[in-house]
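K.L.:
Sequence first, predicted coordinates after that:
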Number of protein chains: 4
Amino acid sequence: MLHETVSAKGHLIDTHVLERIFDQILEHGASYEILRFEVGTTHADESEIELKITAEDEATLRETIEATLSFGCAVASARDARLVPIERDMCVPEDFYSTTNHRTEVRLDGVWRTVGAQRMDAVIVLEDGEPLCRKLRDVRAGDLVVCGVSGVRVNLEQTDGERATFAFMSNDISSERSVETSVKRVARQMRRTREEGKRIIFVAGPVVIHTDGIDPFRSLIEGGWVDAILSGNALAVHDIENSFFGTSLGVSLGTGKPVEEGHKNHMRAINRINHAGSISEAVRTGVLKSGIMHACVEHDVDVVLAGSIRDDGPLPDTLMDLIEAQEAYAHQLKDAGMVLMLSTMLHSIGVGNMLPSWVRVVCVDINPAVVTKLSDRGSSQTVGVVTDVGLFLGRLAEELRAAGD
Amino acid sequence: MLHETVSAKGHLIDTHVLERIFDQILEHGASYEILRFEVGTTHADESEIELKITAEDEATLRETIEATLSFGCAVASARDARLVPIERDMCVPEDFYSTTNHRTEVRLDGVWRTVGAQRMDAVIVLEDGEPLCRKLRDVRAGDLVVCGVSGVRVNLEQTDGERATFAFMSNDISSERSVETSVKRVARQMRRTREEGKRIIFVAGPVVIHTDGIDPFRSLIEGGWVDAILSGNALAVHDIENSFFGTSLGVSLGTGKPVEEGHKNHMRAINRINHAGSISEAVRTGVLKSGIMHACVEHDVDVVLAGSIRDDGPLPDTLMDLIEAQEAYAHQLKDAGMVLMLSTMLHSIGVGNMLPSWVRVVCVDINPAVVTKLSDRGSSQTVGVVTDVGLFLGRLAEELRAAGD
Amino acid sequence: MLHETVSAKGHLIDTHVLERIFDQILEHGASYEILRFEVGTTHADESEIELKITAEDEATLRETIEATLSFGCAVASARDARLVPIERDMCVPEDFYSTTNHRTEVRLDGVWRTVGAQRMDAVIVLEDGEPLCRKLRDVRAGDLVVCGVSGVRVNLEQTDGERATFAFMSNDISSERSVETSVKRVARQMRRTREEGKRIIFVAGPVVIHTDGIDPFRSLIEGGWVDAILSGNALAVHDIENSFFGTSLGVSLGTGKPVEEGHKNHMRAINRINHAGSISEAVRTGVLKSGIMHACVEHDVDVVLAGSIRDDGPLPDTLMDLIEAQEAYAHQLKDAGMVLMLSTMLHSIGVGNMLPSWVRVVCVDINPAVVTKLSDRGSSQTVGVVTDVGLFLGRLAEELRAAGD
Amino acid sequence: MLHETVSAKGHLIDTHVLERIFDQILEHGASYEILRFEVGTTHADESEIELKITAEDEATLRETIEATLSFGCAVASARDARLVPIERDMCVPEDFYSTTNHRTEVRLDGVWRTVGAQRMDAVIVLEDGEPLCRKLRDVRAGDLVVCGVSGVRVNLEQTDGERATFAFMSNDISSERSVETSVKRVARQMRRTREEGKRIIFVAGPVVIHTDGIDPFRSLIEGGWVDAILSGNALAVHDIENSFFGTSLGVSLGTGKPVEEGHKNHMRAINRINHAGSISEAVRTGVLKSGIMHACVEHDVDVVLAGSIRDDGPLPDTLMDLIEAQEAYAHQLKDAGMVLMLSTMLHSIGVGNMLPSWVRVVCVDINPAVVTKLSDRGSSQTVGVVTDVGLFLGRLAEELRAAGD
């Protein structure tokens, strides 16, 4: 039997972290012994624990420890992280350290250093002496990559004020809850994000158009609440089709009646933008006069449209090279303090993969399963809201305007 | 091979009725021949058709004709309805005529007479010489019951103005639609119902409470838009629990946080009403001071609470004898011109079974499957809305207030 | 500031109980101080904790303690339970103790006594000197009822072998999981229940009929795996309609094609049973020759059909008095060791309310929201399976036959 | 007022085509007059109609006629299709003819010619004198493109035997139906497709892996029933992760228990394939020894993996250039006679856009909303099945094996 000692410190009990550490150990088939446990006597106090983890073989032990690292444990003995030089592009050793989205430190020459560009499912490389996250596909021969579990530690984010709240939220997303409470909380977080000088990013699907979200979304853009929109071809085409023809996928937004079989207005809208050359040229030349895309051009809001296999057209602005699209998304998310995900599971999961855990995330969808799925993957600061997206945006715009008075 | 001639007249094509008649015939394994077909040349004109239906045996022929009756066909030859005297309570002959929810006439002594108390899944009895619908369980020995398909004809409702619209609605309920359009249509229908001097009935589930619907619902009650509420034990208990303790099933409506494990406030609320004797006594004695139930007592709105197998308590006002409950529901629905079904499949199906097809029905639920299921069973005038019920009620109350100015 | 000391003992950490105790205290607006905490050093060891709970007022303190009782805490000081005599039927003092579904003890004359007939949302009365759960509506003037939180303690069930597993299950019900694993676990639990001499109860909705579940369900009945079926009117009518006419709600099970508009076969089936007098008379006289109801009569399986507001007919066997129906359900559940809930939220919630937490519960539904809702209310031993009910029953019947060889 | 005469011929009534023609006209704000209507007197006979369509302006008239073309109408007067030379790549005139997925003919020099490469949302260009569908983005300066509605006609597919059935299916997808019936129909269609010498294509999501679908899918591949798999990165990675580590996204398929936080096995699997260079190299060198991907390599089944914005990794085989991916999909679909879509809305919509209406389509998903959405977009031959995908594949494999005996 092999063993290793790990330790953890923080709000271990009321954040449910301690139980998850124990769960991880048992689920890996390892066992534990508590060597030391100093419990904070009140809610405000931190606790500290030291655990001896025992496993039958090297791989189980390493994987168990790797799993507990994700919950803030660190190997107790003071060793540096192990750096292995890479021989071939995109190929790393089997025991490479695969990152979480939590703030991570690695020990180099006896000093704990914060890892840059934090994101999940990446490897840690040394670039100009600095440790940072890199996607596997961007690892190059000659890079030094962190392997094993020694000299790595993870800091779980603990925004004290909202701690208890979020523990609750993550277990209790429900379509049977008050939306008012959520709108107020989201507006509060948006203002706080602005005060911190951080960016607010919207990830939005075409449902925003179909549920009367155009006007409130424009109002948010005009109010300066939107730094970038990350989306796909559909949001832009539906918005532009509505601006040109008053329909969206052939359905009139005014009367709710379908106007035409066959999505022809959809293709006509794309054709017109093709004629102009791009969305911004269509705005500049007066072809496109209203809608969300128009507002983004007018107010210099960055829009990144990532392609998908189901795209018709697409618009000339849509990035059909996904490596390029993922990088454009990641670029926009660099200083994000808050991300609102509105009714698009595809793009939201893409964005979720790129985000560090300390970014505030809000998921809004009328389907509770989508909200649950996104919230589970999100940070500990995720707010999930099951409701009509258009009505939500309308209330949010009102709330932010009211606060502005 | 046996055959019979049936005929139908009306807006047969653009209401999709003709195709459904053909579908019914083929699905029963019978076949048809078109004897005469006079097509209305424009949208405004009615069509008229005469069909010869052929089947292999008596039962198939009868069942096929019975099915086409539901779509407005009638046996062409002029015969009276066949009346059979009943020998034992609740027991009718095998070939009894089972009703639809459409306006029905039976031919008696050569005269077509409208059937009273129209509802689906009933039998037609003669009471004081008048034909009317009666539930199977209420049929008594000695009653005369209509059997077979001769001398019965059904009139499909055709509210011209909204014909095309509803054909669309029934096939296209979607969470990706504008709620605004639906709110405006519902408000318009409510005003029209008032002008006609008909009653507006609400069927409401406890989700109304959890989604901030209390205030807008009170506003509708105070505005005189609610003639009766048909519901169950839960709506009332959650409303009263919220009025007493600010929670609903232990969740604080103000903060969205759960206050207590174990639903204890739920039981406490019931206990307090038990002490008072009934909801109205609790209002009269000043124990219950706010909420939907309070508003109903203050504004003389009838409330019928039907019990269910899952009820805790229940409140002293809840009817645990379902025969009594069904009759109390049916009594309230007598002169209903419009029914709004808010997030309760159980009670809505119960109500739907009792309604004739010419009553306007609105179904609101955040789950598209529920809206589809209820709309499919409803009249041709059903409006389905997939959205957050609380937000919907809020917008509806605003719309009706605006119109009142 | 008022305070009280509570203590708890058991597998507090890896069962997530400790965190929930802390959550409850904070959510009630109270605070805690850890006076003593002896942590079991390995997974096998129990822990023991002593907490001082502080609150601003009497009511908050009492409610906070009441909430922690649900998680196994008990007031540390040795006092007897307070018994209050009741003055009016169904009316108890405001501070009555409202039960959970966990095994509960009360201290009487210095001795801890186990409460009988354990169920949630009940009060504890003394009957012939024995403490037992009673529904609020059954409390009578003169009864002695437990009030307050002193002298009450709750024992959380801890089935060691499956502890870690179920912690996982409750957080991770998903339609994207292997059904095979669940079928094997359910079959294993059924065999264990039989070995313990306990009853196996099925709660089943009509979806069982529509999804080809009739044959496998018959096979379970014939194999002796079903002690009782708790259901409603619909399961029985659909089963009987299928037996008589080969349709269910007018849809042919053989071809999947609808045979008839208007549910007429549904009403015909009820009429035939009315003629016979009851389901068992219809079997005895040879009218009803196949299906689930037929198998139940043949194999002496108890069937309880509880009415609902939406019932057509109903069958003469359906209990339309819900007090009677709830009592008939509760009677069947008395020695239940396991309950399988198959696609019926209404009846399953009803049954869930009546069950003590140590009964094994299995929920099967194709809608993940239903499985989540039922599992959240269920015992710690709940297995949730998101799948097609008919296919599930087919695999379960195979698995149990295979094991029988 | 402007007008134009159109005519249509075929099974207009019982296929519901006639009503949809009328719906289209009214929804566009135009009106109609029936000039001639010869009704087939029995189910076997075709009908023929001539309609005069009247509208207020040129655009409305053109759009109305365009909409009726989709349902088999054609402008009655004999004119050639209008061909317009293109001036700039990807830019066509505003009145370009946008295709449906139905078999289309254009009239050139007085002769009706069938359009090649039929798909929806394309334009019709002349290539080497042949009319064929081309995506807007592939139109080049100098191409001749069909504009307006003259000289275009659409033939609705009418597979007699199954006509009534599918009319039913499209309106009645339900999770409450028998899966057996669907499995048998799908197996029958697969055999018929084989007899016709057409290809059978599977579009599959990762849920196939999580629901025990690996073995039955392998069985279908080994039985020669799978010509190509169109999917994304996830199906392949989850399959390969399971083959290497017995987990899928960190969940053990054997026990249903999660093995590891953080998806590390997922990244490890990609890393191993990176080392090998590609999936087929991994099979060839003995690194990858089991699973669906392994079976595809062994049995020369084409696999196309299209990238998406949410992809981790991706595998070296995944196409991250979507233009390339769409073309690879379209290439595989060229001689497809049947497509089975298994639990992946993203890729299924992509495939649906590329298919002509006469290809048989089967959609299987546990979520009824997905099945409805895909079936609505699909051909008239779509079979929708709401069930567990793994169980469905298991039954399908059994059914096809049984038939093989």
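P.N.:
On my side now, so go ahead.

K.L.:
what stretches of chain A score poorly on pLDDT?
P.N.:
A:157-177, A:249-262, A:377-381, A:403-405 (pLDDT under 70).

K.L.:
residue boundaries of the helices in it?
P.N.:
Under the criterion DSSP state H, chain A contains helices at A:17-27, A:58-69, A:163-171, A:179-195, A:207-210, A:214-222, A:233-245, A:264-276, A:279-284, A:292-298, A:322-332, A:345-354, A:368-377, A:389-404.

K.L.:
how much space between the residue nearest to the spatial centre of chain A and A:Leu319?
P.N.:
In chain A, the residue lying closest to the centroid (Cα atoms, centre = their mean) is A:Gly352, at 2.7 Å. Counting by Cβ to Cβ, to the nearest Å, the separation of A:Gly352 from A:Leu319 is 19 Å. Quick note: C-beta positions are derived from backbone N, CA and C, even for glycine.

K.L.:
still on that earlier bit, ranking the helices of chain A by burial, who's on top?
P.N.:
Ranked by mean neighbour count, the helices of chain A are led by helix A:207-210 with a mean of 26 (mean count of other Cβ atoms under 10 Å in any protein chain shown).

K.L.:
Report all helices and strands that it contacts.
P.N.:
With contacts defined as 3 or more Cβ pairs under 8 Å, 6 or more residues apart in numbering or on different chains; DSSP states H and E, the packing partners of helix A:207-210 are helix A:233-245, helix A:389-404.

K.L.:
For chain D, find the nearest of those helices.
P.N.:
Taking Cβ to the nearest Cβ, helix A:233-245 is the member of these nearest to chain D, at 10.0 Å.

K.L.:
what's that closest one in contact with?
P.N.:
Helix A:233-245 has contacts (Cβ atoms under 8 Å, 6 or more residues apart in numbering or on different chains) with A:204-206, A:208-210, A:214, A:229, A:247-249, A:253, A:265-266, A:268-270, A:272-273, A:279, A:282, A:288-294, A:303, A:305, A:307-308, A:311-315, A:317-318, A:344.

K.L.:
same deal with stretch A:115-125?
P.N.:
With contact meaning Cβ under 8 Å, 6+ apart, stretch A:115-125 is reached by A:81, A:92, A:96-106, A:130-136, A:139, A:143-146, A:152, A:330, A:353-357, D:262-263, D:266-267, D:312.

K.L.:
Quick check on those: which are buried?
P.N.:
Among the contacts of stretch A:115-125, those buried by neighbour count (16 or more other Cβ atoms under 10 Å in any protein chain shown) are A:81, A:92, A:96-106, A:131-136, A:139, A:143-146, A:152, A:330, A:353-357, D:262-263, D:266-267, D:312.

K.L.:
Just those residues: which are in strands?
P.N.:
A:Arg103, A:Thr104, A:Glu105, A:Val106, A:Pro131, A:Leu132, A:Cys133, A:Arg134, A:Leu144, A:Val145, A:Val146, A:Val152 (DSSP state E).

K.L.:
Turn those residues into JSON lines, including distance to C:Lys373.
P.N.:
Shown next, in JSON lines, are those (distance: Cβ to Cβ, whole Å):
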{"residue": "A:Arg103", "distance to C:Lys373": "36"}
{"residue": "A:Thr104", "distance to C:Lys373": "37"}
{"residue": "A:Glu105", "distance to C:Lys373": "42"}
{"residue": "A:Val106", "distance to C:Lys373": "44"}
{"residue": "A:Pro131", "distance to C:Lys373": "45"}
{"residue": "A:Leu132", "distance to C:Lys373": "44"}
{"residue": "A:Cys133", "distance to C:Lys373": "39"}
{"residue": "A:Arg134", "distance to C:Lys373": "43"}
{"residue": "A:Leu144", "distance to C:Lys373": "51"}
{"residue": "A:Val145", "distance to C:Lys373": "46"}
{"residue": "A:Val146", "distance to C:Lys373": "44"}
{"residue": "A:Val152", "distance to C:Lys373": "40"}
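
K.L.:
Wait, A:Ile209 touches A:Thr247, no?
P.N.:
No. A:Ile209 is beyond contact range of A:Thr247, at 10.4 Å (criterion: Cβ atoms under 8 Å).

K.L.:
near chain C, which residues of the stretch 301-405 of chain A?
P.N.:
Residues of the stretch 301-405 of chain A lying close to chain C by Cβ under 8 Å from any Cβ of the partner chain are A:Pro368, A:Ala369.

K.L.:
Alongside chain B, which residues does the stretch 301-405 of chain A contribute?
P.N.:
So the stretch 301-405 of chain A meets chain B at A:Ile366, A:Asn367, A:Val386, A:Thr387, A:Asp388, A:Gly390, A:Leu391, A:Arg395 (Cβ under 8 Å from any Cβ).

K.L.:
Grab the nearest non-local neighbour of the fourth one.
P.N.:
The shortest distance from A:Thr387 to any residue that is not its chain neighbour, by Cβ to Cβ, 6 or more residues apart in numbering or on different chains, is 4.4 Å, and that residue is B:Asp388.

K.L.:
Give me the neighbour count for the one you found.
P.N.:
29 (other Cβ atoms under 10 Å in any protein chain shown).

K.L.:
backbone phi and psi for it, please?
P.N.:
B:Asp388 has phi and psi values of phi -70, psi 120 when expressed as degrees, to the nearest 10.

K.L.:
same question, A:Arg119
P.N.:
Backbone torsions of A:Arg119, given as degrees, to the nearest 10, read phi -160, psi 170.

K.L.:
distance of it from D:Asn353?
P.N.:
Taking Cβ to Cβ, one finds A:Arg119 at 32 Å from D:Asn353.

K.L.:
Show me the one of the helices of chain A that comes nearest B:Ser375.
P.N.:
helix A:207-210 (18.8 Å; Cβ to Cβ).

K.L.:
okay, that closest one in CSV with CA atoms only?
P.N.:
Extracted in CSV, the C-alpha atoms of helix A:207-210 (Å, rounded to 0.1, in the frame of the first residue of the first chain):
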residue,chain,number,x,y,z
VAL,A,207,-34.3,32.8,-28.9
VAL,A,208,-33.5,36.4,-27.7
ILE,A,209,-35.0,37.5,-31.1
HIS,A,210,-38.0,35.3,-31.0
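
K.L.:
now that helix, how far from the centre of its chain.
P.N.:
Centroid displacement of helix A:207-210 relative to its chain, using Cα atoms, centre = their mean, to the nearest Å, is 21 Å.

K.L.:
so A:Glu4 makes contact with A:Leu61?
P.N.:
Yes. Counting by Cβ under 8 Å, A:Leu61 is a contact partner of A:Glu4 at 6.1 Å.
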